[in-house]
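> The following comprises the amino acid sequence and a computationally predicted model.
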Amino acid sequence: MIYIQLQLFFIFLLNGLLIGLLFDFFRILRKAMKTADFITYIEDALFWILTGFIILYSIFTYNNGEIRLFMFLAIILGLLIYLAFISKMILSISLGIINIVKKILGIIFHIIKIPFCFFLKIIKRLFLNPISFIIINIRNYFTKSFKNFSNTLKKVKISNKFVKNTKN
């Protein structure tokens, strides 16, 4: 009997360690990526749902649904052991790995970006520059034509006034 309860104690101690690891997983996500408050609330709810699922699953699987006080004490003890001795190491290793992966992905993105920029430059020279050249010339043509037309209208008005004045 005592052996079974000792075994249950260690199972729920492992549950506490697992919950601590899950807690650090969400902490690592928050430190690695900036998230909006709404996403943080969703992450918190997801953490508590998963924690509840882990505890309920363990209670029903290992103790036939019977709840004992020592189970919760074992979970708290496992969580405290994890937070005191393991959490800092997991956080530093994980964040270090994430930072290395971010740097590697940044370098890969930069390397991949170079041919695309070169390709876009070629497309710009082949298509956009001639199109902009044509558009600029059309605009200049219409601007000159409008100025010539305006000048012609002014001359017609002036000559029309001159004709009216000479008739009188």
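Happy to help now that I have it.
> low-scoring stretches of the protein, by residue?
Scanning the chain for pLDDT under 70 picks out 156-168.
> how about the helices of it, start to end?
Secondary structure of the chain (DSSP state H): helices located at 2-32, 37-63, 69-81, 87-123, 129-167.
> by contact count, what packs against the shortest one?
The one in question is helix 69-81. With contacts defined as 3 or more C-beta pairs under 8 Å, 6 or more residues apart in numbering; DSSP states H and E, helix 69-81 has these neighbours: helix 2-32, helix 37-63. To be clear about C-beta, it is placed using only N, CA and C from the backbone, and glycine gets the same treatment.
> Using JSON lines, lay out the helices of the chain together with mean neighbour count.
Below are the helices of the chain laid out as JSON lines (neighbours: other C-beta atoms under 10 Å):
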{"stretch": "helix 2-32", "mean neighbour count": "16"}
{"stretch": "helix 37-63", "mean neighbour count": "13"}
{"stretch": "helix 69-81", "mean neighbour count": "17"}
{"stretch": "helix 87-123", "mean neighbour count": "11"}
{"stretch": "helix 129-167", "mean neighbour count": "10"}
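> Indicate which one of the helices and strands packed on helix 69-81 is closest to M71.
Of all the helices and strands packed on helix 69-81, helix 2-32 sits nearest to M71, with 4.5 Å by C-beta to C-beta.
> what's that closest one packed up against?
helix 37-63, helix 69-81, helix 87-123.
> closest to F12 out of these?
Closest to F12 of the helices and strands packed on helix 2-32, according to C-beta to C-beta: helix 69-81, at 3.7 Å.
> That closest one relative to helix 37-63, how many degrees between them?
Helix 69-81 and helix 37-63 are oriented at 130 degrees to each other (axes from the mean of the first three to the mean of the last three C-alpha atoms, to 10 degrees).
> Same list (the helices and strands packed on helix 69-81) but as a markdown table, adding distance to N99.
Below are the helices and strands packed on helix 69-81 laid out as a markdown table (distance: least, C-beta to C-beta, whole Å):
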| stretch | distance to N99 |
| --- | --- |
| helix 2-32 | 8 |
| helix 37-63 | 21 |
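> between the ones you listed, which gets nearest to K155?
K155 sits nearest to helix 37-63 of all the helices and strands packed on helix 69-81, at 69.1 Å, using C-beta to C-beta.
> who are the neighbours of that closest one, in terms of helices and strands?
Counting by 3+ C-beta pairs under 8 Å, 6+ apart, helix 37-63 packs on helix 2-32, helix 69-81.
> now the angle from the last one to helix 87-123?
Between the axis of helix 69-81 and that of helix 87-123 there is an angle of 60 degrees, by the same axes, to 10 degrees.
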